[in-house]
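A.B. asks: Let's see this in three dimensions:
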Amino acid sequence: MKLAHVPLRAAIGAFVLNSGLSKRNLEGEAAQGMHGMATGAIPQLRQVPPEKFAKLLSYSEIALGAALLVPFIPSTLVGLGLTAFSAGLVQLYLKTPGMREPGSVRPTQQGTALAKDIWLVGAGLTLVLDDLTHRKLTR
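C.D. replies: Next up, the predicted model:
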């Protein structure tokens, strides 16, 4: 891992890990609410029960957050994971009613919390591209 990747990976890794840890025990209405929002963007998730979905999301965030924090996992790999995960969050933003101003990608007041996840896509792509271009230049 490049030294320049440490601040980005540490900040995002700690945030994602904490998010996953906080979802470990979601049940009932909290799990149903999260599941309902996710199924609005990705209808195939209706096949997964809400509490199982919450557990899977929790485990995914814990794994991604830990991978970002572990220095021996290549930035290309964690960058791909972060990009894929955050692309799902952006899809959630784009497909959830009321998150965007009509006819626009600009967020409403309620959508700002989800719209900010586009930064995670940029961070993930930066890790991948920087790692790949650095490898090409050193060959």
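
A.B. asks: Tell me the buried residues in the helix or strand containing residue 94?
C.D. replies: Element membership of residue 94, judged by DSSP states H and E, is helix 75-95. Of the residues in helix 75-95, those scored as buried under the neighbour-count criterion (16 or more other CB atoms under 10 Å) are 75-76, 78-83, 85-87, 89-90, 92-93. Glycine gets a C-beta too; all of them are placed from N, C-alpha and C.

A.B. asks: Closest one of those to residue 132?
C.D. replies: Sorting those by distance to residue 132 puts residue 76 at the head of the list, at 6.2 Å, by CB to CB.

A.B. asks: Count the residues that sit near the nearest residue to the closest one once chain neighbours are set aside.
C.D. replies: Counting by CB to CB, 6 or more residues apart in numbering, residue 131 is the residue found nearest to residue 76 once chain neighbours are left out, at 4.4 Å. Applying the criterion other CB atoms under 10 Å, we find 19 residues in the vicinity of residue 131.

A.B. asks: Surely residue 131 and residue 80 touch.
C.D. replies: No: at 10.0 Å, residue 131 does not count as touching residue 80 under the criterion of CB atoms under 8 Å.

A.B. asks: dump the residue contacts of the residue positioned nearest the centre of the chain.
C.D. replies: Closest to where the C-alpha atoms of the chain average out (CA atoms, centre = their mean) is residue 86, at 3.4 Å. Under the criterion of CB atoms under 8 Å, 6 or more residues apart in numbering, the neighbours of residue 86 are 117, 118, 120, 121, 123, 124.

A.B. asks: Can you flag which of these belong to strands?
C.D. replies: Helix and strand membership here follows DSSP state E; of these, not one is in strands.

A.B. asks: Filter the residues you listed down to the buried ones.
C.D. replies: Burial by neighbour count, 16+ other CB under 10 Å: within the contacts of residue 86 this picks out 117, 118, 120, 121, 123, 124.

A.B. asks: Can you give me the pLDDT of the nearest residue to the second one once chain neighbours are set aside?
C.D. replies: Nearest residue to residue 118, sequence neighbours excluded (CB to CB, 6+ apart): residue 90, at 5.7 Å. What the model reports as pLDDT for residue 90 is 93.

A.B. asks: Done for today, thanks.
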